[in-house]
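J.: structure for the following, please:
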Amino acid sequence: MQRMRGSLSGGSGERPGISRRLLLGVSGAALLAAGCGEKGKAAGDGRPSDSGSGGPTGASAAPSGVLGANFNEDPSDMRFSQLRGLSASWLRGFLPMPEADKGPPARQRAVATLLSASKQGYGTVLSLKFPYPDRALPEVGSALMDAELQRVDAVARAVMGTVDILVIGNEPFLESRPVDREGPAVNAFYEHVARHVIAYRKQHFGARCKTRLYMGALNRLDDPGRRTEATRRWVEFVHDTKEIEGVDIHPHVVSIDAAQQYLDYVLPHLRDDQKFLATEFSLVLNWREHLRDTIPARFAERYGTDPGTRVWELLEEAVRHPFPQEKWNAFLGMSPWFHTHRHFLRDQVQRFRATGKLAVATYGVVQADAMVRNIGPGKQPWLLNSLYANRTVQEHGGITGRNQAWFKDFRALQRRRDRLPVRTGETAT
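T.: Modelled structure (predicted):
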C-alpha cells in the first residue's frame, strides 16, 4: 500500500473544469457521452439511468465509468454488508506475490475475498504486487524469475476466468529500487511477466476469457521528475500490446489539479479501444500538510479539548478512544483544510468519467490496521480517506462509523447500469 496542485469546486456543487490539454485530447462526443446520462441527466448524479451495461437491465460489456470499493491487501475489517450500505458493485484488492508461497492463493485473504465477491455477483479487480524495494528485480531467464513466474501461475490458476480484471503490477515504480525504476530493469521485468500472463490466458482459455488484463499502476505523475524514460516505455508497451486493455493510475495527490496531470500524461498513449483504471486515488498529501495544524477553536471549546492540540494528536486520540459519529463529523466539518475539499470524491470521479476513458475507479472502503499504527506528524494519514471510519468512530446500533462526506457522494455516484449482478462478458485473448 504505497502512498503519496489548483482549485476545487468546494461545496458549490458545480462541475470542475476540464483542462484545455485534455479537451484537445478527447473528442467532444466522448465528453458528452461520459457527462450525460438519460434525457440529459448528469452521469453519476445518483439518479437512475438505463443506458449502458453490467446490471440485470443491460447486456454484458466491458466496464466503463465504474466507481467501486478498494480494500488494498487487507479485507479483514471489511464486511459485505458495508458494500451493500454503499450500493457498491465492484471490489478491488491486491496480493503481495510472496503470499503465494504460503499456501494456495485462493485461500489468501485478498484473493479469497475477491473470489467470494465474484460468486455474489460483484465485479472484481485483483492487482499483483511484486515487492522489490530493497533487492534487484529478477532478470529474464534467471532462477529468480522462474520462481516469480511460478507464483504468477499459481495465482492465475486461482483467479483467471473468475475475476473481471487482473492488473499486472501494483505500484512498480515505488515497489522497486531507485536504480531499477529508472529503467530498463523495471520495464524488462514487468513486460516479461505480462507476456507470460497473456500466454497463460491464451493457453488455458482459448480465444476468449472473462478476465481482462491491465498494467499498473503509475504513481507521482504530477512530479515532472517522475515522468521518465521508464514511465514512457511503460505506457508505450501498454499501447503496443493488443492483449492489454489499459493502464492503472494511483493519483495520491495534494489537489484535484495534480491528479489531472496523471490524465494528461496517460490518455494520449491509450489506443481507441483502451481505457484506464484508478484503483487508488486520494488527497492524502493535502491531509498530511495539515497534521501539525491546531484543531479548530470552536471544536476545542465544544468538546472540552485543549485548544493547542494538533490534528495528528486528535487523530491518535480518536484511534485510542473512538469518537461518537457527531464528534467526528464536527471535527472534519470545522476543519477548513478538509471541509473545503469535502466533495473531492465526487469531483474527481466526474473528471475521470468525463474523459470517456475510465474503466473502473475504486476508493478505500475501511480504515485498516496498517493505517492506524504509529500515527504522527510525519505519517501519511490514510485513515482520513476511507468511506467507513470504523477505527475512529464508535459503532452505534450496529452501524459502522462513516466519513459522511465520502459516504454520501460515493452512494450518489453509483449508477443503475452498474448495479448487481455485474456482467462484463468475455474479451478476446
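J.: for the closest residue to N70 other than its chain neighbours, what are its contacts?
T.: Once flanking residues are discounted, N70 sits nearest to T362: 3.8 Å by CB to CB, 6 or more residues apart in numbering. Where you see a C-beta, it was placed from the backbone N, CA and C, and this is true even at glycine. For T362, the contacting residues are 67-70, 90-92, 125, 278-280, taking CB atoms under 8 Å, 6 or more residues apart in numbering as the criterion.
J.: roughly how far apart are T362 and T340?
T.: 24 Å (CB to CB, to the nearest Å).
J.: next one: Y262
T.: According to CB to CB, Y262 stands 22 Å off from T340.
J.: these two: who's more crowded?
T.: Using other CB atoms under 10 Å, the more surrounded residue of Y262 and T340 is Y262, with 22 against 14.
J.: which helices and strands sit right next to the host helix or strand of that one?
T.: Assigned by DSSP states H and E, Y262 belongs to helix 256-266. Identification of packing neighbours for helix 256-266 by 3 or more CB pairs under 8 Å, 6 or more residues apart in numbering; DSSP states H and E yields helix 20-25, strand 212-218, helix 229-240, strand 244-249, helix 344-354.
J.: all helices of the stretch 101-250 of the chain, in order?
T.: Secondary structure of the stretch 101-250 of the chain by DSSP state H, counting those that start in this stretch: the helices cover 109-119, 143-159, 178-181, 185-205, 229-240.
J.: pLDDT weak spots in the stretch 301-429 of the chain?
T.: Per-residue confidence of the stretch 301-429 of the chain (counting by pLDDT under 70) places no residue in a weak region.
J.: what values do phi and psi take at N72?
T.: phi 60, psi -130 (degrees, to the nearest 10).
J.: and the angle for the helix holding Y262 with helix 229-240?
T.: For helix 256-266 and helix 229-240, the angle between their directions (axes from the mean of the first three to the mean of the last three CA atoms, to 10 degrees) works out to 60 degrees.
J.: can you check what angle separates helix 256-266 from strand 244-249?
T.: Here helix 256-266 points in a direction 150 degrees away from that of strand 244-249 (the same axes, to 10 degrees).
J.: what packs against the following helix or strand past helix 256-266?
T.: Going down the chain from helix 256-266, the next helix or strand is strand 275-278, by DSSP H and E. For strand 275-278, the contact count by 3+ CB pairs under 8 Å, 6+ apart identifies strand 212-218, strand 244-249, strand 358-364 as packing neighbours.
J.: repeat that with 10 Å
T.: Counting contacts by 3 or more CB pairs under 10 Å, 6 or more residues apart in numbering; DSSP states H and E, the secondary-structure elements packed against strand 275-278 are strand 66-70, strand 212-218, strand 244-249, helix 256-266, helix 344-354, strand 358-364.
J.: adjacent strands (with direction) for that strand?
T.: With DSSP bridges as the criterion, the sheet partners recorded for strand 275-278 are strand 244-249 (parallel), strand 358-364 (parallel).
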